[in-house]
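Trainee: take this sequence and fold it.
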Amino acid sequence: MVNKIKILSIIFFLVLPLIMAPFELSAHGLFVSAIMLWMLELIPLPITALLIPVGASWLQLLTPSTAFAQFGNQILFLFLGSFLLAQALEKHHLDKRIAYWLLSKPYISRSPEYTILVLALLSWVLSMWISNTATTAMMIPLCLGISRSLSPTWSELDKKNLEKRLLFASAFAASIGGMATPVGSPPNLLAMEFLNQKGFSISFFQWMTWGVPLSFVMLIVLIALLKWKFPIKATQTKGIYQSYSKQLHDLGRMSRTEIFIVLTFLGTVLLWILPDLLQLLSIKNQISSRLPMGAVALLGAAMLFILPHEEKTILDWEDSKAIDWGTILIFGGGLCLGKILDSSGLASQIGTALFSPNLSHLSIGIICIFLGIIVSEFSSNTAATTLLVPIIIAQFGSTNAIIALTVATAFGASFGFMLPVSTPPNAIIFGTGKIPLREMIKTGSMFDILGGVLVALFLLGIYPLLGAI
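Mentor: Model (predicted):
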């Protein structure tokens with residue numbers, strides 16, 4: 001019975017644009033179908049993304065060349081390059097080396113608070129550059145290993161609270177770390193590309209000047225929230241660093257391959273931020289025009305297929321099968337849907353219906369932030385961004401406030417801390433069996449609200465800098 005309902009639902013959403021076509025509502029039908037298929041996950045999300053340009057071409061909402069051109073956008077190749085860089089880190093265990101090195105320091109196990117803070121910071125930093133899913137998957141064995149190495153004198157309540165704090169800190173820090181850099185999370189690049197299509201350019205470095213401070217403050221708030229919600233009376237965590245010192249020793253000395261990966265990674269990041277650094281020094285350059293972010297990412301990734309590792313190279317083509325191609329396809333579908341919303345005028349219509357002309361930009365921004373949070377709880381953050389950002393840009397694209405509104409909305413869409421289905425990190429820690437659903441809902445909803453307030457304060461602070469008020 002369930003399968004029949006699912007199949008009927010899929011058929012309904014696939015034919016909905018055709019049903020609405022005679023009423024000149026093709027764009028409305030395709031938009032509703034895409035968003036519902038993304039939110040309900042009736043078919044794989046990447047397949048829904050691929051059907052969007054097909055529908056746009058068939059319904060003549062876009063020419064085929066325009067519809068499918070969105071999958072050739074340089075932003076997709078920025079993701080591709082960053083995924084390959086992350087794959088090299090994972091394949092050669094450089095991410096584990098960093099984690100073991102940190103946890104092998106005696107002062108890290110000085111107290112539970114130090115240990116939790118270091119794990120959260122590590123998750124936060126790693127997720128700026130590799131996916132929050134990969135970050136959390138790597139952190140979970142570390143968290144569970146720490147809980148197993150605790151002294152038998154600890155009470156059961158203290159052990160459980162430490163375990164919960166470690167798991168929540170790792171997963172939530174991985175999600176908020178993605179806000180800090182353009183490559184950290186799909187909403188960031190979607191927001192940047194939608195703005196770029198309207199003539200508003202945000203550089204890699206400029207995004208970091210907003211994202212890093214905001215996400216760091218959110219990290220501090222997260223640590224404080226978890227400390228208040230899951231108190232620990234025990235103070236000794238001796239024994240942790242000996243365990244990880246041994247694991248670090250077992251990895252051996254840092255290899256030439258790992259050094260090559262570090263240098264390639266640092267060189268790529270340097271090229272991403274170099275244009276802005278030179279501009280700050282009043283040095284004219286053509287780096288950003290000759291080497292856009294996508295080209296830099298591909299250049300860095302290509303080096304990994306050239307630099308040697310034993311008898312092969314650091315990466316080979318088989319390794320490319322392991323990267324998240326689905327996210328790249330979803331991203332292309334999101335750009336195509338945004339193009340449809342813009343060209344059909346649907347984004348402007350929805351914006352007019354949603355936002356009263358009497359509302360201030362700040363009020364509208366706060367509404368969009370919390371709409372992004374709510375939508376991302378039940379669908380992917382890409383879907384949430386694709387739904388909201390084109391509407392905002394269509395409504396306020398001629399004002400200086402548009403950059404602040406768009407960035408704040410993308411930050412809100414990166415949330416989703418309440419349910420296991422909200423983000424992959426949530427699903428991973430819920431899958432350990434250590435986090436009850438009720439606990440996740442309570443903790444996640446509190447952090448959603450606190451995060452929404454922080455993003456609203458960010459919006460208020462950035463307005464004057466952009467000349468919006």
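Trainee: ignoring the adjacent residues along the chain, who's closest to Ile130?
Mentor: Ala86 (3.6 Å; CB to CB, 6 or more residues apart in numbering). Heads up, the C-betas are built off the backbone N, CA and C, glycines and all.
Trainee: wait, what's in contact with the one you found?
Mentor: Trp129, Ile130, Ser131, Ala134, Ile323 (CB atoms under 8 Å, 6 or more residues apart in numbering).
Trainee: for the second one, helix, strand, or coil?
Mentor: Following DSSP: H, G, I helix; E, B strand; the rest coil, we place Ile130 in the coil state.
Trainee: that one against Lys91, yeah?
Mentor: No - between Ile130 and Lys91 there is no contact under CB atoms under 8 Å: 11.9 Å.
Trainee: who has more neighbours out of these two?
Mentor: When Ile130 and Lys91 are compared for neighbours, Ile130 comes out ahead with 23 against 18, by other CB atoms under 10 Å.
Trainee: beyond the helix or strand Ala134 falls within, next helix or strand please.
Mentor: Ala134 belongs to helix 132-148 when elements are defined using DSSP states H and E. The C-terminal neighbour of helix 132-148 among helices and strands, as given by DSSP H and E, is helix 156-177.
Trainee: what helices or strands is that following helix leaning on?
Mentor: When contacts are defined as 3 or more CB pairs under 8 Å, 6 or more residues apart in numbering; DSSP states H and E, helix 156-177 sits against helix 112-126, helix 132-148, helix 204-229, helix 424-431, helix 437-465.
Trainee: pick out the shakiest of the ones you listed, pLDDT-wise.
Mentor: For those, the weakest mean pLDDT is recorded on helix 132-148, namely a mean of 79.
Trainee: could you list the buried residues of that helix?
Mentor: Using 16 or more other CB atoms under 10 Å as the test for burial, helix 132-148 gives 132-140, 142-143, 146-147.
Trainee: quick one, strands of this structure?
Mentor: 308-309, 312-313 (DSSP state E).
Trainee: those: which one's closest to Ile10?
Mentor: Closest approach to Ile10 among those (CB to CB): strand 312-313, 42.5 Å.
Trainee: give the rounded mean pLDDT of that closest one.
Mentor: Over the span of strand 312-313, the pLDDT mean works out to 90.
Trainee: quick one: contacts of that strand?
Mentor: Contacts of strand 312-313 (CB under 8 Å, 6+ apart): Leu304, Phe305, Ile306, Leu307.
Trainee: can you check stretch 46-57 too?
Mentor: So stretch 46-57 is in contact with 14, 17, 30, 33-34, 37-38, 61-64, 67-68, 70-71, 325-326, 329-334, 336-337, 339-340, going by CB under 8 Å, 6+ apart.
Trainee: and the buried ones among those residues, selectable in PyMOL?
Mentor: Burial among the contacts of stretch 46-57 is assessed by 16+ other CB under 10 Å; the matching PyMOL selection reads:
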select buried, resi 14+17+30+33+34+37+38+61+62+67+68+70+71+329+330+331+332+333+334+336+337+339+340
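Trainee: in helices, which of the contacts of stretch 46-57 appear?
Mentor: Residues of the contacts of stretch 46-57 located in helices (DSSP state H): 14, 17, 30, 33-34, 37-38, 64, 67-68, 325-326, 329-334, 336-337, 339-340.
Trainee: for the residue nearest to Ser170 when sequence neighbours are not counted, what are its contacts?
Mentor: Excluding the flanking residues, the one nearest Ser170 by CB to CB, 6+ apart is Met139, at 3.9 Å. Met139 makes contact with Ala99, Leu119, Leu122, Ser123, Ser170, Ala171, Ala174, according to CB under 8 Å, 6+ apart.
Trainee: any chance of a markdown table for the residues you listed, columns neighbour count and distance to Ile402?
Mentor: As requested, the contacts of Met139 are exported to a markdown table (neighbours: other CB atoms under 10 Å; distance: CB to CB, whole Å):
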| residue | neighbour count | distance to Ile402 |
| --- | --- | --- |
| Ala99 | 23 | 40 |
| Leu119 | 24 | 38 |
| Leu122 | 24 | 35 |
| Ser123 | 29 | 32 |
| Ser170 | 27 | 35 |
| Ala171 | 30 | 32 |
| Ala174 | 32 | 29 |
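Trainee: and those residues, which is closest to Leu298?
Mentor: Ala174 (25.1 Å).
Trainee: now the closest one: how far from Ala408?
Mentor: Counting by CB to CB, to the nearest Å, the gap from Ala174 to Ala408 is 21 Å.
Trainee: do Ser203 as well
Mentor: Distance from Ser203 to Ala408, by CB to CB: 18 Å.
Trainee: and what of Met303?
Mentor: 36 Å.
Trainee: looking at those two, which is more packed in?
Mentor: Using other CB under 10 Å as the criterion, Met303 and Ala408 rank with Ala408 on top: 28 against 22.
Trainee: tell me who's in contact with the more buried one.
Mentor: Going by CB under 8 Å, 6+ apart, Ala408 touches Gly365, Cys368, Ile369, Val455, Ala456, Phe458, Leu459, Ile462.
Trainee: out of those, which two sit at the greatest distance?
Mentor: Checking the contacts of Ala408 against each other with CB to CB, the farthest-apart pair comes out as Cys368 and Ile462, at 14.2 Å.
Trainee: between these two, tell me which one has more neighbours.
Mentor: Between Cys368 and Ile462, counted using other CB under 10 Å, the more crowded position is Cys368 (25 against 20).
Trainee: pretty sure that one is touching Thr409, no?
Mentor: Yes - under the criterion of CB under 8 Å, Cys368 makes contact with Thr409 at 4.4 Å.
Trainee: of the strands of the chain, which is nearest Ile441?
Mentor: strand 308-309 (45.2 Å).
Trainee: Provide the contact partners of the closest one at residue level.
Mentor: The contact list for strand 308-309 (CB under 8 Å, 6+ apart) reads His92, Thr257, Phe260, Ile314.
Trainee: good, we can wrap up now.
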